[in-house]
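[1] Could you work out the structure for the sequence below:
(one chain, ligands or ions: 1)
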Amino acid sequence: MDIDYQSKVSSVVNEIKPSAIRRFFDLANEMKGEVISLSIGEPDFVTPWNIREAGIFSLEDGYTHYSPNQGYIEVRKAISEYLERRFSLKYDPKSQILVTVGGSEALDLIARAMINPGDEVIILEPCFVAYRATVTLARGIPVVIETKEEDEYKLTPEALEAAITDKTKYIILGYPGNPTGATMTRDDLAKIRDVLVRHPNVFVVSDELYSELSYTGERPASIANFPELYDRTIVVNGFSKSFAMTGWRIGYMAGPAPLLVAMNKVHQYCIMSSPTTAQYAVIEACRNGDKEVEEMRDEYNRRRRVIVQGLKDAGLTCFTPTGAFYAFPSITNSGLTSEQFCERFLMEKKVAIVPGNAFGECGEGHVRISYAASMENIMEAMKRLKEFMQELKDGSVK
Ligand SMILES: Cc1ncc(COP(=O)(O)O)c(C=O)c1O
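    As a prediction, the model looks like this:
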């Protein structure tokens, strides 16, 4: 009997597209060893040893059980101390921090716990692929602001003012940004604060997953640092990027206690608690991870310079990224769409990168190149990119 499985899938799930990042990553994996992958947003570093060891010790000591839904209090205390020390953000570990399965779960919980059908959520494209999907899955309406290269992909107060309506529930700010590598300074954020002060019903979700990876030399600022916005901002952060801990699946949110009660309700029924071993590991990350984080940041910064120069040498224009570990060059002078560009670059030069339209329609004309890869691979990829661009120009590849 033929079963129509598609009709069993909810219309909202049918509506969302699979992530194009995974498609290119999987394609590269199928082509096995010969491919250099600059496609996935994942540090090439292994988690620092002292952090791994803390996880191992917890297993040796038999800590293999569920934790409280909200996360162990020791973990929340360690996160609270870390946020205050690194970002001058103060949160009560008892009521204002929820430990989640990566920043990803935090974004999903926020959407499901806050959105009523038809509520609008402002997202800034090009952006991390989960923003739109989590809002759509929660029956919200993503309202897109297209950030522009000429504005260094910063949110402008004018664009924000124009996007806010009576239905706006929250805005998701993602700086340092994926895929652009853009950052916002304290002064930039102050202009956004001035708009939001006029709209007291609008909340802010500040995705700060890359907050440790800023190359401006300034201390990264959070919009939650402004007292006027502290009570309506939820900070999302985690350990995947800054501490090279993607596989441990651990993140958190920090924000107003009554909202966290709501998020925890969803969390307790869907997830129960974050991985116990990972929770023990991140106590060590918060307390004794600074040196390794700094070393990784310095290395990313060296690679960033190499990649920006390599893109220039290949004849591509690129906004200079100031955070995260991505470059987002324009490929319009290649005459190809971003998908054609990535597919041909993969097939012909064996380098995997991601088409810009994966991050929203306005990302078309760009590609995302991750520099969370070894210097050797980055240099080789830049060499191949230069050849590829030359061959396109000469018409010597079809
Ligand atoms: C901007 C941004 N936020 C959140 C995440 C989610 O990270 P994780 O769930 O591993 O903490 C990512 C991962 O790529 C990201 O780029």
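
[2] what sits against the residue of the chain found nearest the ligand?
    At 2.5 Å from the ligand, Gly102 is the closest residue in the chain, using CB to the nearest ligand atom. Where C-beta positions appear, they are placed from N, C-alpha and C, glycine not excepted. Going by CB atoms under 8 Å, 6 or more residues apart in numbering, Gly102 touches Gly238, Ser240, Arg249, Ile250, Gly251.

[3] Just the ones in strands from those residues, please.
    Among the contacts of Gly102, the members falling in strands are Gly238, Gly251 (criterion: DSSP state E).

[4] Just name the closest of the contacts of Gly102 to Phe24, please.
    Ser240 (19.3 Å; CB to CB).

[5] Apart from its chain neighbours, what residue comes closest to the closest one?
    In space, and not counting its chain neighbours, Ser240 is closest to Thr246: 4.4 Å by CB to CB, 6 or more residues apart in numbering.

[6] Pull out the buried positions in the helix or strand harbouring Phe24.
    Following DSSP states H and E, one finds Phe24 within helix 20-30. For helix 20-30, a neighbour-count test (16 or more other CB atoms under 10 Å) marks Ala20, Ile21, Arg23, Phe24, Phe25, Leu27, Ala28 as buried.

[7] Could you dump the residues you listed into TSV and include pLDDT and distance to Gly363?
    As requested, the buried residues of helix 20-30 are exported to TSV (pLDDT from 0 to 100; distance: CB to CB, whole Å):
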residue	pLDDT	distance to Gly363
Ala20	74	10
Ile21	75	12
Arg23	75	15
Phe24	75	14
Phe25	75	17
Leu27	77	19
Ala28	78	20
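
[8] okay, those residues in a markdown table with distance to the ligand next?
    Output for those, formatted as a markdown table (distance: CB to the nearest ligand atom, whole Å):
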| residue | distance to the ligand |
| --- | --- |
| Ala20 | 13 |
| Ile21 | 8 |
| Arg23 | 15 |
| Phe24 | 14 |
| Phe25 | 12 |
| Leu27 | 19 |
| Ala28 | 17 |
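
[9] check contacts around Leu189.
    Ala221, Ser222, Ile223, Asn225, Phe226.

[10] Are any of those buried, and if so which?
    Looks like those have Ala221, Ser222, Ile223, Asn225, Phe226 buried, using 16+ other CB under 10 Å.

[11] which element is the closest residue to Phe57 other than its chain neighbours on?
    Computed as CB to CB, 6+ apart, the closest residue to Phe57 that is not its neighbour in sequence is Tyr280, at 7.3 Å. Assigned by DSSP H and E, Tyr280 falls within helix 276-288.

[12] List the buried residues in that helix.
    Taking 16+ other CB under 10 Å as the criterion, helix 276-288 shows Thr276, Thr277, Ala278, Gln279, Tyr280, Ala281, Val282, Ile283, Glu284, Ala285, Cys286 as buried.

[13] Per-residue pLDDT of the fifth one, please?
    The predicted local distance difference test score for Tyr280 is 98.

[14] got the residues of the stretch 151-300 of the chain near the ligand?
    Selection of the stretch 151-300 of the chain residues close to the ligand by CB under 6 Å from any ligand atom yields Gly174, Asn178, Asp207, Leu209, Gly238, Ser240, Thr246, Gly251.

[15] Contacts only, for the third one.
    Shown in contact with Asp207 (CB under 8 Å, 6+ apart): Gly103, Leu107, Phe128, Tyr131, Ile172, Leu173, Gly174, Val236, Asn237.

[16] Give me the pLDDT for it.
    We have a pLDDT of 98 for Asp207.

[17] What residues are bridge-paired with it?
    Gly174, Val236 (DSSP bridges).

[18] what separates Gly251 from Lys350, distance-wise?
    The spacing between Gly251 and Lys350, counted by CB to CB, to the nearest Å, is 33 Å.

[19] out of the contacts of Gly102, what pair is the most spread apart?
    Going by CB to CB, the pair spanning the contacts of Gly102 furthest: Gly238 and Arg249, at 9.0 Å.

[20] out of those two, which sits in the busier spot?
    Legend: neighbour count by other CB atoms under 10 Å for Gly238 and Arg249, higher for Gly238 (30 against 17).

[21] If I follow the layout properly, the more buried one ends up in contact with Glu212?
    No: if you go by CB atoms under 8 Å, Gly238 and Glu212 don't touch, sitting 10.7 Å apart.

[22] which residues are in contact with both of those two?
    Contacts common to Gly238 and Glu212, judged by CB under 8 Å, 6+ apart, are absent.

[23] What are the boundaries of the strands in the stretch 1-150 of the chain?
    For the stretch 1-150 of the chain, strands defined by DSSP state E, counting those that start in this stretch occupy the ranges 36-37, 97-100, 120-125, 141-146.
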